[in-house]
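Novice: okay, here's the prediction I keep looking at, along with the sequence it came from:
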Amino acid sequence: MSLITSSIGQGLLWGVLALGLYLTFRILNFPDMTVEGTFPFGAAICVSALVHGVNPLAATILSFFAGIVTGLVTGLLYTKGKIPVLLAGILTMTGVYSVNLRILGKANVGLLNKNTLLNGQLLQKLPINFPTIVVGLIIAIIVIVLLAVFLDTDLGQAFIATGDNEKMAQSLGINTDNMKILGLMLSNGLIGLAGGLLAQNGGYADVNMGIGTMVIGLAAIIIGEVVYGDLSLTARLVAVVIGSIIYRLILLLVLQLGFSTNDFKLISAIILAICMMLPLFEQKFRTRKLLKKGVEKP
């Protein structure tokens, strides 16, 4: 039971990262490689602040703003520097690695005996792993509500229009470059926040902890879409978080089947590949079914 609650709690925290990735991957329709640099950057800022006695809530908020900075850098490289978005993300990710080493002073820093959002006095009264679920649920709800409100505003609609049809958005007077920068800042802000939260949950920050995070976020998005199908935009945000929880439970099942934790990255890639191919299989199945019905008709 404790393993299941742990997976749910981690799924909620990883869901924040998936929501950030959703903004660029699904709404703006481009992949942002900054993710794998932003995640450990948010973790490094948060852990460094906690080690120096900063309030856990303030340290967590700092991780959000750390992500905004990396998103801004990538956005400026992409829109103003005219560097392809993939390369812009890789450049930022590479540079942030050295910044993380400067912040932490070494490859990894622990949080032993430090106060975090997850070990407050009230939360410590809850059963094991439930503090993570409570904190993760509260933050996931806040993020979903704020994103839903933002996307329903004129600015949010301009942001969506930029992803749907950039040329049409420009013809309507929308500054699409600004929308892309805004999207990258918000996306990476949430990813940095997730880094801070998961660093507190794991009890450490490591400069290499961002490896594979993009795959994890994409898996959560794809699983949420595959399981729930066509939904409203707000419902999709909820589905992304649920997809993140399902993904963690799948990994738990794989672990229970005897696989090593060393295989998690490979398993994550395989799960993502299968989930991305499911719509294709479903379409082929429907086509064959329709053809079969057509042949059977007199």
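Specialist: Arrived safely. Numbers count the residues shown, from 1 in each chain.

Novice: quickly find the element holding Ile8.
Specialist: helix 2-22 (DSSP states H and E).

Novice: packing partners for that helix?
Specialist: Contact here means 3 or more Cβ pairs under 8 Å, 6 or more residues apart in numbering; DSSP states H and E; on that basis helix 2-22 packs against helix 35-51, helix 130-151, helix 176-202, helix 213-228, helix 233-256. For the C-beta atoms, the positions are set from N, CA and C on the backbone; glycine is no exception.

Novice: can you pull the buried residues of the third one?
Specialist: Judged by neighbour count using 16 or more other Cβ atoms under 10 Å, the buried positions of helix 176-202 are 176-177, 179-202.

Novice: do stretch 110-125 as well
Specialist: Neighbour-count burial for stretch 110-125 [16+ other Cβ under 10 Å]: Leu111, Lys114, Asn115, Thr116, Leu117, Leu118.

Novice: ok, stretch 69-89 next?
Specialist: Buried residues in stretch 69-89, defined by neighbour count with 16+ other Cβ under 10 Å: 69-79, 83, 85, 88-89.

Novice: gap between the residue lying closest to Ile245 once chain neighbours are set aside and Val238?
Specialist: Computed as Cβ to Cβ, 6 or more residues apart in numbering, the closest residue to Ile245 that is not its neighbour in sequence is Gly11, at 3.3 Å. According to Cβ to Cβ, to the nearest Å, Gly11 stands 13 Å off from Val238.

Novice: same deal with Leu17?
Specialist: Counting by Cβ to Cβ, the gap from Leu17 to Val238 is 15 Å.

Novice: show me which of the two is the more surrounded one.
Specialist: A count of neighbours by other Cβ atoms under 10 Å puts Leu17 above the other of Leu17 and Val238, at 30 against 19.

Novice: which residues touch the closest residue to the more buried one other than its chain neighbours?
Specialist: In this structure, Leu17 finds its nearest non-sequential neighbour in Ala194, 3.7 Å apart by Cβ to Cβ, 6+ apart. Neighbouring residues of Ala194 by Cβ atoms under 8 Å, 6 or more residues apart in numbering: Leu13, Trp14, Val16, Leu17, Gly20, Phe39, Gly42.

Novice: would you reformat these as CSV and include pLDDT and distance to Tyr247?
Specialist: Output for these, formatted as CSV (pLDDT from 0 to 100; distance: Cβ to Cβ, whole Å):
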residue, pLDDT, distance to Tyr247
Leu13, 94, 12
Trp14, 94, 8
Val16, 95, 14
Leu17, 96, 11
Gly20, 94, 16
Phe39, 96, 16
Gly42, 95, 20
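
Novice: closest to Gly224 out of those residues?
Specialist: Trp14 (12.0 Å; Cβ to Cβ).

Novice: show me the contacts for that closest one.
Specialist: By Cβ under 8 Å, 6+ apart, Trp14 lies in contact with Ala194, Leu198, Ile216, Gly217, Ala220, Ser244, Tyr247, Arg248.

Novice: can I get the residues you listed in JSON lines with distance to Ser6 and pLDDT?
Specialist: JSON lines is the format used below for the contacts of Trp14 (distance: Cβ to Cβ, whole Å; pLDDT from 0 to 100):
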{"residue": "Ala194", "distance to Ser6": "17", "pLDDT": "96"}
{"residue": "Leu198", "distance to Ser6": "13", "pLDDT": "95"}
{"residue": "Ile216", "distance to Ser6": "16", "pLDDT": "87"}
{"residue": "Gly217", "distance to Ser6": "19", "pLDDT": "90"}
{"residue": "Ala220", "distance to Ser6": "17", "pLDDT": "89"}
{"residue": "Ser244", "distance to Ser6": "14", "pLDDT": "93"}
{"residue": "Tyr247", "distance to Ser6": "14", "pLDDT": "89"}
{"residue": "Arg248", "distance to Ser6": "8", "pLDDT": "90"}
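
Novice: where does the stretch 1-150 of the chain have low pLDDT?
Specialist: Applying pLDDT under 70 to the stretch 1-150 of the chain picks out residues 1.

Novice: let's see 90
Specialist: Applying pLDDT under 90 to the stretch 1-150 of the chain picks out residues 1-7, 29-32, 53, 85, 107, 111-132.

Novice: and if you look at the stretch 151-298 of the chain?
Specialist: Ranges of the stretch 151-298 of the chain meeting pLDDT under 90: 172, 210-216, 218-220, 222-234, 247, 250-298.

Novice: swap in 80 and give it another go.
Specialist: Along the stretch 151-298 of the chain, the model assigns pLDDT under 80 to residues 229-230, 255, 257-265, 267-268, 271-272, 275-276, 278-298.
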